Structure formats: C-alpha cells, structure tokens
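>>> what follows is a predicted protein model with its sequence.
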Amino acid sequence: MDWGFENQKFYIEYTSCTRPVGTLYEEFDRRALEIAESNIDDLLVSISGGVDSQAMLNSFLKQDIPVKTVFMYLPGYNDIEYDNLKLLDMKLQIKTEIVDIDPYKYKEELEEEAEKYDIQTNSLLHKKFFSMLPSSANIVFMDYDPYIHVDENWDFFWYQGFNSTEVTRDRALRLLKREGKIIWFGDTSEMRTSLLDEEMLWSILYSWKYYYGNGVTRDTGHKLRLRTDDRWDFYLKPFVYGKYWKDELIYFSKFSGFENVPFLYQKPLYMKEHAVLVPLQEFIDFYKSCTKEKRRFYENLHVQGGYFD
C-alpha cells in the first residue's frame, strides 16, 4: 500500500498479486518466511497478545525464524492484556520485553502532535512506543483490520482513506527517524486477498443487518452500539482464526484496553474525508489478476467532518 495526494485528491496505490493466493493460514507463514529471506535480521515483533499478533508470531516461531518480542504496557489501563501476555509467554516458552508507558506523562506532547499533524493521538502513542525501541531493530507489527463498507443498497466496498486507521498509523510512524525498518506484516497483496476472498467474510457481509441492528453495545467509558467497522474485530475475527489455527492460539476475551485512556480517542477519525471506496469484488478481481500491475484508486467521497456509522 502506498498513498498520497495528486491534484489535491487523495489516492491509495496497490499492486496486484504476484502469484495465486493460498488460505489466510498459508499466507501468514509465507509472509514470515518472506521477511526472513529478505536479508533483514534483528527482528523485533511487537505483539499485543490478541489473535492477530499471536498468529503472526506463531508463523515466525514454527518456522524457526529468530525473533524477539516486545509489548507496550500502560499500567492501570491494559493490565488484562499484560496478564494475557504472560500466559502467552508461558505457552510459547519465550520472554517478551515489556516497555512501560504512562500515557498521561506524554499527554501534552501527544496532543500537540495530534494538532500539528492532524493525526489521532492513539497512533502517535504507537510512534512514542516505537521511539523507545532500539533504533537498529527492524520492528514487525500487525495492522490487519479490514473495513468493508456496506451501503444502503447492500453493496460492498473496500474502504481506505486519509483518516483510516492504517493511514493515520502510517502517517505517525513516518515521523520517526530510525535506522531500522518498520515492517507491516499484513500489508501485502497476497495477505489482503486471502482475507477479502475468505468465504466467512462474505457470509458476515451478506448477513450484516443481523449484526448492525442487534442492539449490542460496547463500553468505552460510555455505551456505544457496535459500529459497522467493528464487524471484523468483534464478530468475525475469532471464527476465521479458529477455522485455520484451531488450538495453536489462545482466544482471550475481547475487552477495552487502550480505550480506557479517553484522551487517546478524543480526536475523531472522520472516515468520509478523502475517502476511497472501491466495489469489493472489483478490488478482489484486480488483486487476483496476478499481473503485478500498480493501480491508483482515487478518493470518490469527501465529506468534511463525515464518518461512517
């Protein structure tokens, strides 16, 4: 994925797949091996303990690829994640490095950067975390939450935009001056295609009204109905990972961690500002053409201060 502006229009640039795509499980393993074979050493894998990061770490370890692990600990806020991590370390017989961060110690700094760069504070906290790691290390992290927009006609669209989580995180991390690389584990054409073409994803898309209107709430300091973009995180993710990884992972309950630090989420992500919506099947067909073609998809929606429900 690459992004930018051309004639004041935001764009996302993707490259179609280089080969036929396997299952999500197979592509995780191939991605880990691809990183290992790219002559990059001193790999430091940032993990949260969730199933995404567990699956990523699993692909390195079972192929005997040497990595170290690191965890961002916000004492008093993500303690449950921290306790889960200790169970994961015990299961895998590893020792993860813990980096303690008091978010309120950096509140003023993060809020100033958020205002200056128009980036959500949460992404800037990850920038702060990465800045505390050895500059020479090559950091691998997982950022793999697909957003599929379902419009009023029940049509499905791949979404990406200037204010999407992936782009804001990338914008924040690009501010770092590091010797080592930052490697997005999930950001390859093959990885993305393996998920978007997953039959379970399509099943939940076809049944989206069941989830959208069921009245389920989440507690982030105040009650909110589960939004459209929570479809993957709250409903689909455990079933997809359970289908392929079975008991290789620990399926910890979903809960709020960083969300318990209100100022990290005070700056809203206006998803409709500089938004790119591509019909989902068209997007998948482009990827699966395996022509190695690069294509730019330009913003086709721009609503100042707009967001998807």
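Received, thanks.
>>> use CA for all of it now, contacts and neighbours both
Will do.
>>> isn't there a helix covering Val278?
No. Checked against DSSP: H, G, I helix; E, B strand; the rest coil, Val278 lies outside a helix; its state is strand.
>>> contact partners for it?
Val278 sits next to Phe157, Trp158, Tyr159, Phe297 when contact means C-alpha atoms under 8 Å, 6 or more residues apart in numbering.
>>> let me see the mean pLDDT of the helix or strand hosting the first one.
Using DSSP states H and E, the secondary-structure element containing Phe157 is strand 156-161. For strand 156-161, mean pLDDT is 94.
>>> and the angle for the very next helix or strand once past that strand with strand 156-161?
Downstream of strand 156-161, the next assigned helix or strand under DSSP H and E is helix 165-173. Interaxial angle, helix 165-173 versus strand 156-161 (axes from the mean of the first three to the mean of the last three C-alpha atoms, to 10 degrees): 20 degrees.
>>> measure the residue nearest the centre of the chain to Thr23 for me?
Nearest residue to the geometric centre of the chain (C-alpha atoms, centre = their mean): Asp143, 2.2 Å. Separation of Asp143 from Thr23 (C-alpha to C-alpha, to the nearest Å) stands at 18 Å.
>>> before we move on, the earlier item: partners of the strand holding Phe157 in the sheet?
strand 148-150 (antiparallel), strand 275-279 (antiparallel) (DSSP bridges).
>>> between those, which gets nearest to Glu115?
With C-alpha to C-alpha, the closest approach to Glu115 among the strands paired with strand 156-161 belongs to strand 275-279: 20.7 Å.
>>> and the strands in the stretch 151-300 of the chain?
With strands called from DSSP state E, counting those that start in this stretch, the stretch 151-300 of the chain shows them at 156-161, 182-184, 217-219, 223-225, 275-279, 294-298.
>>> lowest-confidence helix or strand of this structure?
In the chain, the helix or strand scored least confidently by mean pLDDT, DSSP states H and E is strand 223-225, which has a mean of 49.
>>> tell me the angle of the strand holding Phe157 relative to strand 294-298?
Interaxial angle of strand 156-161 relative to strand 294-298 (the same axes, to 10 degrees): 90 degrees.
>>> check which residues of strand 156-161 are buried.
For strand 156-161, burial by neighbour count (16 or more other C-alpha atoms under 10 Å) applies to Phe156, Phe157, Trp158, Tyr159, Gln160, Gly161.
>>> who's in contact with it?
Around strand 156-161, the neighbours that count as contacts under C-alpha under 8 Å, 6+ apart are 10-12, 147-150, 167, 205, 271-280, 283, 299.
>>> hmm, try it at 6 Å
By C-alpha atoms under 6 Å, 6 or more residues apart in numbering, the surrounding residues in contact with strand 156-161 are Tyr147, Ile148, His149, Val150, His274, Ala275, Val276, Leu277, Val278, Pro279, Leu280.
>>> and stretch 81-89, by the same measure?
So stretch 81-89 is in contact with Gly49, Lys95, going by C-alpha under 6 Å, 6+ apart.
>>> buried stuff in it?
Buried residues in stretch 81-89, counted by 16+ other C-alpha under 10 Å: Glu81, Tyr82, Asn84, Leu85, Leu88.
>>> with stretch 239-256 instead?
So, applying 16+ other C-alpha under 10 Å, buried residues of stretch 239-256: Val240, Tyr241, Trp245, Leu249, Ile250, Tyr251.
>>> distance of the third one relative to Met56?
This points to Trp245. In this structure, Trp245 and Met56 are 11 Å apart, going by C-alpha to C-alpha.
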